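Visitor: My questions concern the predicted model and sequence given below.
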Amino acid sequence: MDFPIGLDPYTARQHLLHHTFSPLISIQSSHNADAFFQNILHNEHISTSQVFKPYGNNAKYTIPNQSFKIINNQLITKNYPSFPVRFEPSLPELLSVFNASSTNSTNTSAGITSISESGLKSSQLSQLFSISSLELLLKHSSKDTAEKDLYLHFFNKIITSNRIVPFETFNHPISQVFVVEYERDSLDLLRRLIVDFRNFSFPKFFQIDDLLIHVFIIYDSNKVPNNEVISFQNQIKSTLSINSTAFPIAETKDTQDNFIKMSIIENSTIEEDLQRISLQQSSTTTPNYIHIPKSADAVIRTKLYEYINKYLIPHMQSKIRFWDDQMLQPKKSITGRFFSASRKFFNNNSSDSNLSNVTSLSSSSGLNSASFNYHENFYYKSTPEQTIRKLADWSLILKDFKYAYSTYDLIKKDYTNDKAWVYVASTQEMCIVSLLLAQTQQVNLNPIQPDKNTLRKIRHDIIEPYIDNLSYTFKSRLNLKSYSLKTLTIVVELLLCMCSTFSISWWWNDLIEKYLLKLVSEFDSHLIANNQRSQVIRAILYERLGYSFGKCNFLSDENRHLLHFDAASQFHSKQELSEEEELGEEGEIGFYKNPNKLHAPQNNGLDGLMRYRKSSLWYLLSIREWVPLKNYRQIEYLLNNIKLVYNIEDIKDVWHDREDILLGVVKRILDKHERNIVA
């Protein structure tokens, strides 16, 4: 039996790979393409990017026999059933939104005092998310979200972001897609869109040459012959040297059975959710769902699968091989190490113009000290440090976790020498994440448990010192507390995955408790300073503490069958027990038995090998936070996770059911609530 009930850490791991470590594809559509979808969907408020956004989750929206083939740098081929991507608005639009938000807010980050010439006004070093907004969103969502999904909702909101920063490239678009409508959009219009995009003033840390430029051609298959579209695709290829994918979408009859309900809030950020809620409260024109014709749904799924398999993955693989050959391998060589060491003592000042002419030798040696902009905290786009960071990020996206870890570990030394602290902290985070992702990658059903020396090295040499260092850097050096909170949340879930995979909760449980309590403390201190109560966030984190201890056990595999999960058998009837005990073996009257004595539950013999009592304590503390909010569904859900320790069915004459004890208070509140419903 799955006890206690809660979010499976492997589900959190899957969402992490989808919402954070997946390719970001920016979409720019023509006005005619938007009008085409508005006509097909009978919704004048929909945009092309909103239509494509949910389909990025191809683990959910699959096609028959779906398989994604990925070849890593060791030429090992692996097939994956899904390869999620994230569709976002075009890069200029994302940058303009962040410029506007940074203009309206005061940036207090260390070392950030001026405006970047690229137009990105120091937004790269603003907070990842607003803690106050997160508390507000969770308080609103707790009324509608299913009880078991509330922690997953919290986790998704912390890890989901489309904020573009220089020190990590997961939110740097890997592909730019232009969406045009065949009948009304011309080749000249497409050319203008591409030229305008290339002429945009991008940040100096963003390398536009690494983008995969692609075109989606939308057309009505009932009106336009396929051979005409193929001819248009050939024109695009010959004139603009860009590949394209055609989407034949036919208009269908307006009947409910021919449509599929799709969520348009997939992969949304905290700010987007709050804006949507605000609009919904003021009007009725912002629904959470759209209805897509089944025929169009099948075409979009199939064509996106073709685009990812045929263009996106090969593009990433070719870039990774090129960077590995031209940047990484020379740095690992003896000559590369010599130049890298000499740079620490002999810094040659060279102009920024030399950065664009970096060869493989100069890449390994890192010739200029001007490669890192200390004023704005970023490496220029052509420097080996920025490129190798992107190499590691893309390798992790392609699920080559071991290669990614070794690359992060290598480049971290250069960042430390340059005193690029934000890069050091971010790379330390990714060292931990890539290492734990590699450890929890389920290759077979019976994984081999790491030996204690390996566990000691992972914990004492990597996780604990790196977490301490990056927390200090993000909080004290850069005033970026939200990045530290995100790291702690991710590490907790990956450690729970490791506990589940190898049955070693005894090794990690105290560290998980430490980090969860640190999260509680950080959230509390921030919200109290802003005259807010961290009620919902604290309740959710207490719940996760209860889950962590509930899953912690010191039983060997052969003794797991001794556990009893039947709550009814844990608490016997006093009257039945007293009658049985008063009779001897031959039915004679025995010694006097106290009828009010509490009898030990069936799992009493395993006390000390489990942590159910401590788990129940944290669940009760979580319930205490929900009581003032009157969220009775959540309270009842959490009570089911303490049923092996306390009787939750009715109020009895025992100490924990007294009127001045938390459990007794909660039972009476629920009893009163049920009577009010009946009345």
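Guide: The structure has been received and is ready for your questions.

Visitor: Doesn't Glu88 belong to a helix?
Guide: No - per DSSP: H, G, I helix; E, B strand; the rest coil, Glu88 lies outside any helix segment and is strand.

Visitor: need the contact list for it.
Guide: Contacts were defined as Cβ atoms under 8 Å, 6 or more residues apart in numbering; by that measure Glu88 touches 24-27, 49, 53, 94, 162, 173. Placement of C-beta: from N, CA and C, glycine included.

Visitor: Confidence-wise, which of the residues you listed comes last?
Guide: Lowest pLDDT of the contacts of Glu88: Leu94, 83.

Visitor: how far away is that one from Ser26?
Guide: Leu94 sits at a distance of 7 Å from Ser26 (criterion: Cβ to Cβ, to the nearest Å).

Visitor: These two: which has the busier surroundings?
Guide: Ser26 (24 against 18; other Cβ atoms under 10 Å).

Visitor: Not counting its neighbours along the chain, what's nearest the more buried one?
Guide: Of all residues not flanking Ser26 in the chain, Pro173 sits nearest, at 4.1 Å (Cβ to Cβ, 6 or more residues apart in numbering).

Visitor: Around the one you found, how many other residues sit close by?
Guide: Under the criterion other Cβ under 10 Å, the count of neighbours that Pro173 has is 24.

Visitor: Same question for the one 4 residues further on.
Guide: A count of nearby residues for Val177, using other Cβ under 10 Å, gives 24.

Visitor: now do the one 10 residues further on
Guide: Residues lying near Leu187 (other Cβ under 10 Å) number 13.

Visitor: one step back: and the contacts of Glu88 as JSON lines, adding distance to Lys452 and secondary structure?
Guide: Listed next are those as JSON lines, based on distance: Cβ to Cβ, whole Å; DSSP: H, G, I helix; E, B strand; the rest coil:
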{"residue": "Leu24", "distance to Lys452": "40", "secondary structure": "strand"}
{"residue": "Ile25", "distance to Lys452": "44", "secondary structure": "strand"}
{"residue": "Ser26", "distance to Lys452": "47", "secondary structure": "strand"}
{"residue": "Ile27", "distance to Lys452": "49", "secondary structure": "strand"}
{"residue": "Ser49", "distance to Lys452": "50", "secondary structure": "helix"}
{"residue": "Lys53", "distance to Lys452": "46", "secondary structure": "helix"}
{"residue": "Leu94", "distance to Lys452": "46", "secondary structure": "helix"}
{"residue": "Asn162", "distance to Lys452": "41", "secondary structure": "coil"}
{"residue": "Pro173", "distance to Lys452": "44", "secondary structure": "coil"}
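
Visitor: Return the member of these nearest to Arg276.
Guide: Closest to Arg276 out of the contacts of Glu88 is Lys53 (13.2 Å), distances taken as Cβ to Cβ.

Visitor: Please give me every residue in contact with that closest one.
Guide: Lys53 sits next to 87-88, 264, 266-267 when contact means Cβ under 8 Å, 6+ apart.

Visitor: could you redo the last one with a cut-off of 7 Å?
Guide: By Cβ atoms under 7 Å, 6 or more residues apart in numbering, the contact list for Lys53 reads 87, 264, 266-267.

Visitor: Okay, now the unreliable bits of the stretch 201-350 of the chain?
Guide: Counting by pLDDT under 70, the stretch 201-350 of the chain contains low-confidence residues at 253-257, 283-286, 334-350.

Visitor: swap in the stretch 501-650 of the chain?
Guide: Segments of the stretch 501-650 of the chain classed as low confidence (criterion: pLDDT under 70) are 556-591, 598-607.

Visitor: Look up how far Phe154 lies from the nearest residue to His673 once chain neighbours are set aside.
Guide: In space, His673 comes closest to Tyr632 once its chain neighbours are excluded; the distance is 5.4 Å by Cβ to Cβ, 6+ apart. Applying Cβ to Cβ, one obtains 20 Å for the distance of Tyr632 from Phe154.

Visitor: Comparing the two, which residue is more hemmed in?
Guide: Just comparing Tyr632 and Phe154: by other Cβ under 10 Å the higher neighbour count belongs to Phe154, 23 against 15.

Visitor: Which secondary structure element is home to that one?
Guide: helix 150-159 (DSSP states H and E).

Visitor: so what does that helix touch, helix or strand wise?
Guide: helix 9-19, helix 131-141, helix 481-502, helix 535-550 (3 or more Cβ pairs under 7 Å, 6 or more residues apart in numbering; DSSP states H and E).

Visitor: Return the most buried member of these.
Guide: helix 535-550 (a mean of 24; mean count of other Cβ atoms under 10 Å).

Visitor: Count the residues that sit near the closest residue to Ile174 other than its chain neighbours.
Guide: Take Ile174 and drop its neighbours on the chain: the residue closest to it by Cβ to Cβ, 6+ apart is Pro23, 4.5 Å away. Applying the criterion other Cβ under 10 Å, we find 23 residues in the vicinity of Pro23.

Visitor: I'd guessed Pro23 sits against Gln176; true?
Guide: No - using Cβ atoms under 7 Å, Pro23 is not in contact with Gln176, being 11.8 Å away.

Visitor: Go ahead and confirm His15 touches Asn156.
Guide: Yes - with contacts defined as Cβ under 7 Å, His15 counts as touching Asn156 at a distance of 5.9 Å.

Visitor: now the strands for the stretch 251-400 of the chain?
Guide: All strands of the stretch 251-400 of the chain, identified by DSSP state E, counting those that start in this stretch, fall at 259-263, 289-293, 372-373, 378-379.

Visitor: Check these for me and report the most buried one.
Guide: Across these, the average number of neighbours (mean count of other Cβ under 10 Å) peaks for strand 378-379, which reaches a mean of 26.

Visitor: what does that strand rub up against?
Guide: Strand 378-379 is contacted from outside by 124, 166, 205, 371-372, 385-386, using Cβ under 7 Å, 6+ apart.

Visitor: If we use 10 Å, what do you get?
Guide: Outside of strand 378-379, the residues within contact range by Cβ atoms under 10 Å, 6 or more residues apart in numbering are 116, 118, 120, 124-125, 165-167, 203-206, 355, 371-373, 385-389, 414-415, 418, 420, 422-423.

Visitor: show me what contacts Ile504?
Guide: Counting by Cβ under 10 Å, 6+ apart, Ile504 makes contact with 449-450, 452, 455, 495, 498.

Visitor: typo on my end, Ile194
Guide: With contacts defined as Cβ under 10 Å, 6+ apart, the neighbours of Ile194 are 28, 176, 178, 213, 215, 240, 242.
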